[in-house]
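Colleague: Sequence and predicted model, in that order:
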Amino acid sequence: MLKEGDKAPDFTVFDSSGQAVSLKNFKGKDVLLYFFPKANTPGCTMETCDFRDQHKLIQKKGAVVLGMSADSLKSQSNFAAKCGVSFPLLCDEGKQILKAYGVWKEKSLYGRKFMGIERTTVIIGKDGRIRRIFPKVKVKGHAEAVLQALG
């Protein structure tokens, strides 16, 4: 797992509109990168809508928002439209970035073990280093906590 102060792994993936997005394109800005388990599920919808509602305030702090899951481009596109987000929702179907950030983990539900995304938010500083990690996120109030952490 990455630690605060580590260099954030770079990536280039497609977003919900089919555009290639690279982390290096945001050098000089703080990046709020949140990893969510599955598009169009209740918790992920609430989290994405909360970040949508805080988006203008996050931008005023000079930061950008990126959401990422292992969902397909079509699923992310539908999810972005449903939630009315203007920030990119990124597709990592191959799970390389999810693994690089340490959020692809063994999970357990009702005694059944499976691999999935641990809901996590990472703030990457202007210098490309990880400023803050929010592991095992509880959705309620999370977007506000991240906004405050941006300073």
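Modeller: Structure's in. What do you need?

Colleague: contact partners of the biggest helix by length in the chain?
Modeller: Ranked by residue count, the top helix of the chain under DSSP state H comes out as helix 42-60. Helix 42-60 is contacted from outside by 32, 34, 36-38, 64-65, 67, 69, 79, 82-87, 89, 119, 137, 139-140, 142-144, 146-147, 150, using C-beta atoms under 8 Å, 6 or more residues apart in numbering. Glycine gets a C-beta too; all of them are placed from N, C-alpha and C.

Colleague: what sits against the residue nearest in space to the middle of the chain?
Modeller: Centroid check for the chain by C-alpha atoms, centre = their mean gives residue 34 as the closest residue, at 1.9 Å. Residue 34 is in contact with 47, 51, 65, 66, 67, 68, 119, 120, 121, 122, 137, 146, counting by C-beta under 8 Å, 6+ apart.

Colleague: next one: residue 5
Modeller: By C-beta under 8 Å, 6+ apart, the contact set of residue 5 is 129, 130.

Colleague: measure it to residue 16 for me?
Modeller: Relative to residue 16, residue 5 is positioned 31 Å away (C-beta to C-beta, to the nearest Å).

Colleague: just residue 137 next, same as before
Modeller: In this view, residue 137 and residue 16 are 21 Å apart by C-beta to C-beta.

Colleague: Give me the more crowded residue out of these two.
Modeller: The residue with more neighbours, out of residue 137 and residue 16, is residue 16; 25 against 19, by other C-beta atoms under 10 Å.

Colleague: Surely that one and residue 73 touch.
Modeller: Yes - judged on C-beta atoms under 8 Å, residue 16 makes contact with residue 73 at a distance of 7.0 Å.

Colleague: Buried ones in the helix or strand bottoming out on mean pLDDT in the chain, by neighbour count?
Modeller: Lowest on mean pLDDT, DSSP states H and E among the helices and strands of the chain sits strand 104-109, with a mean of 91. Under the neighbour-count criterion of 16 or more other C-beta atoms under 10 Å, strand 104-109 has residue 104 buried.
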